[in-house]
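Q: here is a sequence with its predicted model. Questions after.
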Amino acid sequence: MSADIKAVRNIGISAHIDSGKTTLTERILFYTQKIHAIHDVKGKDGVGATMDSMELEKERGITIASAATYCQWKDHEINIIDTPGHVDFTIEVERSLRVLDGAVLVLCSVGGVQSQSITVDQQMKRYKVPCLAFVNKCDRSGANPFRVIGQLREKLGHNAVAVQIPIGLEAKHEGVVDLINMKAIWFDGDNGEDVRIDEIPAELLEEANQRREELLDAASMFSDELTELILDEQEVSGQLLLSAIRKGVLTREITPVFMGSAYKNKGVQPLLDAVNQLLPSPPEVENQALDLANDEAPVILSSSEKDPLVALAFKLEDGQYGQLTYVRVYQGSMEKGDTMINVRTGKKVKIGRLVKMHSDQMEDLNRIPTGHIGALFGVDCASGDTFANPGIELAMTSMHVPEPVISLSITPKDNKSEVNMSKALNRFTKEDPTFRTHVSKETNETIIEGMGELHLEVYVERMFREYKADVETGKPRVAYRETITRKAEFNYTHKKQTGGAGQFGRIAGYIEPVSETDFEFVNKVTGGSIPTQFIPACEKGFRACMAKGPKMEFPVTGVRVLINDGAAHSVDSSEMAFQAAARGAFRDVYHRAKAVIHEPIMKVVVETPNEFQGAVMGLLNQRRGMIVGAQDEGPMCAIEAQVPLAEMFGFSTVLRSSTQGKAQFTMEFSVYKQVPKSIEEELVKKAAEEKKNVA
Amino acid sequence: MLRKDLIYRNPLRVMGDRSDDILPEGGFGAVLARAGLGKTALLVQLALDSLLQNKHVLHISLDDPVKKVCLWYEEVFKNISIQYDVKQMNELWESILPGRLIMTFNVDSFSVPKLDERLTDLTEQNIIHPKMMLIDGLPFAETDRKTLEDLKALAKSHGMHVWFTVTTHRHEASDGNGMPHPLSDVEDLFEVAFQLQPDGKQIHVAALKGGMASAAPTLLLDPSTMLINETDDAQKSSNSK
């Protein structure tokens, strides 16, 4: 592993589905001699590309889970995180973007900037990932890299500049002209492995000069020295130009555009050079951790070997030797045999085997230094966990896990699926803290819970694909809740004194709404009207009622129970009798306390091109949404709204169809709010019908 | 305190007629002050007053993101409810929120035709029918008369009145009528203009044009809560009535 941290690049290659990202990765691995034969994505040899190791990916020709791999190119070590290109797997994309220092945005020279490129670009913007663009598929008919550059500027708002021009396009695509050094580059040999640098062909010279002017103009923003040379009309050296571009790239103020065709083996090596020369090394990127001792205040990490270890587990994989955990070390180093702490659980973890991954193959290591990516064997942890030296309380991701808001019942179709399903659920709950599962006590069905419809759908699909667990799903259910809105008094006697052992207990007091907690029990009984030994039984009785509200059988929250009087019988009173009295009292008083249903309200943010702003607002409004605001962000705008979760089913499909697939949305739980009367009536009606059907 | 009382007790009433809005349809009002004196806070109070009367408000901000504008509202509302001891603050808040919509624009991309398009989208789809529009952060020095005239026509056609914030600068002298520089050329378009003037520890709300009559009690802006208060004298006089 490279000792010099400045020679490390952690990069992602992300793009629209089918713009040739996996092919490009495959070529990179070939040229860096990590693999010795090229397999294509949908190849005839049945092997599939090296990075696509998951069955589903090979079948569909897409990459779902990000595999990490590393390679070396001219003294630099490059870790490549292959990020998913499909819109429904953005959780994975976001997680991998966290560990990247730079990225290559791959675009198709025909398709240009498509909606997924927009999504991915926005995520990169959020995490401030510096990037290069690579216009791929210049050999396809209809290729026009300069149109793509125009789209990068208009649609994504990048300051995109060509640093290459193609030598021929479509079937005649042979190589590229490097505008920085003003040389032509050809790719000879069967697999384009011999790079031949030559003079620029005469017919391209004029265009090359003109494009170089544009490049100089854009780069001069970042270097005074360069500006002076241009003003004095002196020759600008490639090195100077490169360093000016680099400054712009690091601050995301310029996006140099490279071109070629990975499939035809053109332009990949210059792109690798650019990764070394232009993208940042780990110390050049500012990484933040959250200080748990200080209310999750952000802390900047040092990227220094000498500081204590902070590392993030960003991906789990089930291999044949057990769980493989991909980690990125942000500070300090991880050494074999050392002990570290899993910050989330506080448990000590002994570092056993450390490896460096190349998709399915691996190489053993003794340590993972700062800024590097590696994998651990035999460590029990969840994805997103932070590892640190004992005594360090820093976390890379927030510890606050929101409560799930939607649930779905799943039933395995056969025995084999049942076994596989439990394996899959075990794994997924580790990967994703917001995904939970339990078995319903009443129906004996397995219930999965999560943060949204799509969230659960993805897991059901993965269960089938990765674990061959074929399950039937029930209808998604919103996690409604009940609560009371006013104070009401009760005075209830539970009496059963006819035949057998008698039961007696009287209990009096009131219930009232409370906002800070879910349930509170206050004992104000004086004079022993209820003997002390029966008080816990009273509490237990009330608490038992909270699980299922008398109104609609949803969990009850926000109730304070205060008891101040009661009566007991010397023989017939028992714990059971008081529990029953408490239950009876609650049922009795509940309706008088004006019970209402609460539903989860989601904060929905839709990012859409400006022309669809009106349409999107309409969509949100139809869904009982309250629009908070619309924010202008250049060509796009972000609309923020508060929408009940129950109305959000199927929203992604509707949104896509009414915005030509150009809008995307994020949804997160915001608050529980009272359901309007009309909707509540509907719910009651529906529940009654369901009950009838069951009966 | 009930919603109705809160509307009535609002000292903002003093700025205009006690029963009605200060501005007519298509009317322009301006709040002038140097940076940091509380222009936005005053605007937000005007908006909350309108919201309490079930009149929708469109808040356009040219420098702050939506999140920050929301915070302004939360903060001012919280202060109001503390000051007037509003019970069931949450319910009141919930009930007025649907009537508010915040829109932010980059200063360069703000234009009247664009605003018109957005506004038509909103009203046609029945999302919101604003009676009041707030424009916070419009750079008056760079805005021509035509834009303001177009805005006025737009406001009139949608039946709204508009409040602006205008940032003044210490070094700019006001014209003969006491109207600070940015407004002096377009003064005739504005029905009402107030200026926030720091005076020791207090901030006075002074009428430059229209609004409260010259004999009306002076209003103060409490620097800690940014809320409008009547001066002690004014309170005494209104109590004695």
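A: Cool, the structure landed.
Q: who in chain A is up against chain B?
A: Proximity of chain A to chain B is confined to A:613-614, A:617-618, A:621, A:626-634, A:638, A:640, A:673 under the rule CB under 8 Å from any CB of the partner chain. C-betas here are computed from N, CA, C, even on glycine.
Q: name the SS class of the residue in the stretch 101-250 of chain A that chain B sits nearest to, please.
A: Among all residues of the stretch 101-250 of chain A, residue A:157 sits closest to chain B, at 11.3 Å; criterion: CB to the nearest CB. With DSSP: H, G, I helix; E, B strand; the rest coil as the basis, residue A:157 sits in coil.
Q: thought it was touching residue A:635?
A: Yes - Residue A:157 is in contact with residue A:635 according to CB atoms under 8 Å; the separation is 6.2 Å.
Q: pull out the buried residues from the residues of chain A next to chain B.
A: Burial of these was assessed by neighbour count (16 or more other CB atoms under 10 Å in any protein chain shown); the buried members are A:613-614, A:617-618, A:621, A:626-633, A:638, A:640.
Q: where is pLDDT lowest across those?
A: Lowest pLDDT among these: residue A:633, with 73.
Q: ok, now which ones touch that residue?
A: Residues in contact with residue A:633, defined by CB atoms under 8 Å, 6 or more residues apart in numbering or on different chains, are A:607, B:106.
Q: let's see 10 Å
A: Residue A:633 is in contact with A:122, A:125, A:157, A:607, A:610, B:65, B:104, B:106, B:109, counting by CB atoms under 10 Å, 6 or more residues apart in numbering or on different chains.
Q: and the gap between the fifth one and residue A:123?
A: Read that as residue A:610. In this structure, residue A:610 lies at 20 Å from residue A:123, with CB to CB, to the nearest Å as the measure.
Q: circling back: the residue of the stretch 101-250 of chain A closest to chain B: how many residues sit nearby?
A: As a burial measure, residue A:157 scores 14 neighbours (other CB atoms under 10 Å in any protein chain shown).
Q: go on, residue A:391?
A: Here the count is done by other CB under 10 Å, and residue A:391 has 7 residues near it.
Q: show me what contacts the spatially most central residue of chain B?
A: With distances taken as CA atoms, centre = their mean, chain B has residue B:43 as the residue nearest its mean C-alpha position (2.9 Å). Each residue near residue B:43 by CB under 10 Å, 6+ apart is listed here: B:29, B:31, B:57, B:59, B:61, B:72, B:76, B:132, B:134-136, B:163-165.
Q: helix or strand right after the helix or strand harbouring it?
A: Using DSSP states H and E, the secondary-structure element containing residue B:43 is helix B:39-52. Remark: after helix B:39-52, the chain's next helix or strand is strand B:56-61, criterion DSSP H and E.
Q: list the buried residues of that next one.
A: When neighbours are counted by 16+ other CB under 10 Å, the buried residues of strand B:56-61 are found to be B:56, B:57, B:58, B:59, B:60, B:61.
Q: save the residues you listed as TSV, and put in pLDDT too.
A: What follows is those, written out as TSV (pLDDT from 0 to 100):
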residue	pLDDT
B:56	90
B:57	91
B:58	92
B:59	92
B:60	91
B:61	90
